[in-house]
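Trainee: Below: sequence and its predicted model.
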Amino acid sequence: MPIFQPRIAIVGGGPSGLALGQLLHQRGIRATIYELRAKSTQEELAKPSGMLDLHEESGLTAMRECGLWNGFQAAVGDCSESMRVINPDGVVLHTDEGELASRPEIARNALTNLLIQNVPSDTIKWNHKITTVRSDHNATTGATEITFDLGVNGAAAYDFVVGADGAWSRIRKLLSDAQPFYSGAQYVTATVRHVSTKYPHLVELSGSGTLCALGGGNAIMTQRGPQDSIQVYAAVSTPHEHWAAAAGLKGKTAAEVKTTLLGDDKLFRKWAPALQDLLATACDEETKDNPGCEADIKPYYMLPVGHRWEHRTGATLIGDAAHLMTPWAGEGVNLALWDSLDLAHVLAAVPEAADAAAWQAALEPRMREFEEAMLARAQVKAEETVRNKDMFLSENGAQAMADFFKMYEDIAAAGHKGSKMETVS
Ligand SMILES: Cc1cc2nc3c(=O)[nH]c(=O)nc-3n(C[C@H](O)[C@H](O)[C@H](O)COP(=O)(O)OP(=O)(O)OC[C@H]3O[C@@H](n4cnc5c(N)ncnc54)[C@H](O)[C@@H]3O)c2cc1C
């Protein structure tokens, strides 16, 4: 008799979905990944895309288990682990070269590129958006069947569906009523390419890794990246979820948004000229590279800290779909990869079964355990994220962050070399 093969779908081709697809493929478990975006070209993947720092217990372990360690090592290096913290007057309060913790930075696009390398191309269905999903109990087979609608691509039914579909997950609706809520902060993002030839003084200011200029509840942060770039984020604290519209910035280019950012006393008008120059140059360069394009202004959302759901047969969530948090602890992608790793182990451990109902019954207790552990560790990281955000976007954010680093330096100096930093990306 042929061995029963469960029908498994992963919704979402971000870091969590792709890593899971890769890990299952390695273990000979078939799964189909549905991703709403088109497949990026190599040219698109080479563009600056924001940096993600991977942590030992999660992201780096996933890279090793995915068999991507050599590729990962080759893909890091655009952004060093150095950190510089300055206040709005331009006074440097902290610098380090990443010696407090080893957390290599990889560009988001480079990570995607790595993760799709060893997954057979017919496993990933690009341009496939799941619009609705439902769960039915089949009285004849005794199994649960998850069916989703794929719009023009029809419909599909599965024995097990993994919602790796990020902040606004469709699959989450099957399991939880929770909705992401606005965190109180927004980012305006702009990029300067070929910065060391065009603006060497900006490289001198921001260093080879990360710069955090914090104060008055706002921040200018930079990270070096591919194509000799600096990605610049202006983080703004505001209670207005629709700040861009309220401030008249909707539809404006980054160069136009610059006028508001640098002209408002509550934003960056009183900041040191060097920091203003950095922000202004980034906004102008962004518009030069993308003429007429609307500025990238994003409100940040999070799920309630401690988000949980009642386990249900046939579906689960991983990554941001399960525990969306703001980037202030640099944990989102790390947790996403950790979830994928654990879930791959769980699925690989399910013994052979005669049919879908028996397979689901064998999976059930393992899934309860998996979900419990995943959500418990995510809660700890989400709490840390909230603390970090409150600290860094406080009136004296730079001093608070410098004090935070000093505490870890003191611990290290006292000989507790094993202690790990918990900090921003
Ligand atoms: C500015 C910024 C900086 C960050 N910095 C860091 C950092 O330094 N360190 C860190 O650890 N984390 C960081 N994060 C968080 C990190 O990016 C996320 O936690 C991570 O991407 C989550 O991965 P994921 O696969 O769960 O979700 P996503 O990356 O959101 O991927 C979900 C995928 O699902 C697809 N999708 C969505 N809906 C559907 C649908 N209906 N049908 C089909 N496909 C769908 C999407 O197109 C997407 O590709 C940062 C986030 C931001 C925004």
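Mentor: Sure thing, it's come through. Numbering: from 1, shown residues only.

Trainee: Was I right to think Ile171 contacts Ala321?
Mentor: Yes: between Ile171 and Ala321 there is a contact under Cβ atoms under 8 Å: 6.4 Å. Where C-beta positions appear, they are placed from N, C-alpha and C, glycine not excepted.

Trainee: and for those two, which residues touch both?
Mentor: Jointly contacting Ile171 and Ala321 under the rule Cβ atoms under 8 Å, 6 or more residues apart in numbering are Gly163, Asp165.

Trainee: out of the two, which sits in the busier spot?
Mentor: Taking neighbours as other Cβ atoms under 10 Å, Ile171 and Ala321 compare with Ala321 leading, 29 against 26.

Trainee: what residues are up against that one?
Mentor: Gly12, Ser16, Gly163, Ala164, Asp165, Gly166, Ala167, Ser169, Ile171, Arg172.

Trainee: Around the residue of the stretch 1-150 of the chain found nearest the ligand, count how many other residues there are.
Mentor: Residue of the stretch 1-150 of the chain nearest the ligand, by Cβ to the nearest ligand atom: Gly14 (2.0 Å). For Gly14, the count of nearby residues is 21 (other Cβ under 10 Å).

Trainee: And the one 5 residues further on, by the same measure?
Mentor: When counting by other Cβ under 10 Å, one arrives at 33 neighbours for Ala19.

Trainee: Show the model's pLDDT score for it.
Mentor: Here the pLDDT value assigned to Ala19 is 97.

Trainee: Quick check: which element contains it?
Mentor: Ala19 is located in helix 15-26, with elements delineated by DSSP states H and E.

Trainee: now what about that helix, what contacts it?
Mentor: Helix 15-26 has contacts (Cβ under 8 Å, 6+ apart) with 8, 10-11, 13, 30-31, 33, 35, 52, 62, 65-67, 111-112, 115-116, 118-120, 123-124, 162, 164-165, 318-321, 333, 336-337, 339-341, 343-344, 347-348.

Trainee: repeat for stretch 287-300
Mentor: Under Cβ under 8 Å, 6+ apart, the answer for stretch 287-300 is 182-183, 185-191, 193, 241-244, 249-257, 283, 286, 326-327.

Trainee: That stretch near the ligand at all?
Mentor: No: Stretch 287-300 lies out of reach of the ligand by Cβ under 6 Å from any ligand atom, never closer than 6.9 Å.

Trainee: Show me which residues of the stretch 201-350 of the chain are close to the ligand?
Mentor: Contact residues (Cβ under 6 Å from any ligand atom) of the stretch 201-350 of the chain with the ligand: Gly319, Asp320, Pro327, Gly330, Glu331, Gly332, Val333, Asn334, Ala336.

Trainee: Out of these, which is nearest to Glu352?
Mentor: Distance to Glu352 across those (Cβ to Cβ) is lowest for Gly319, with 28.5 Å.
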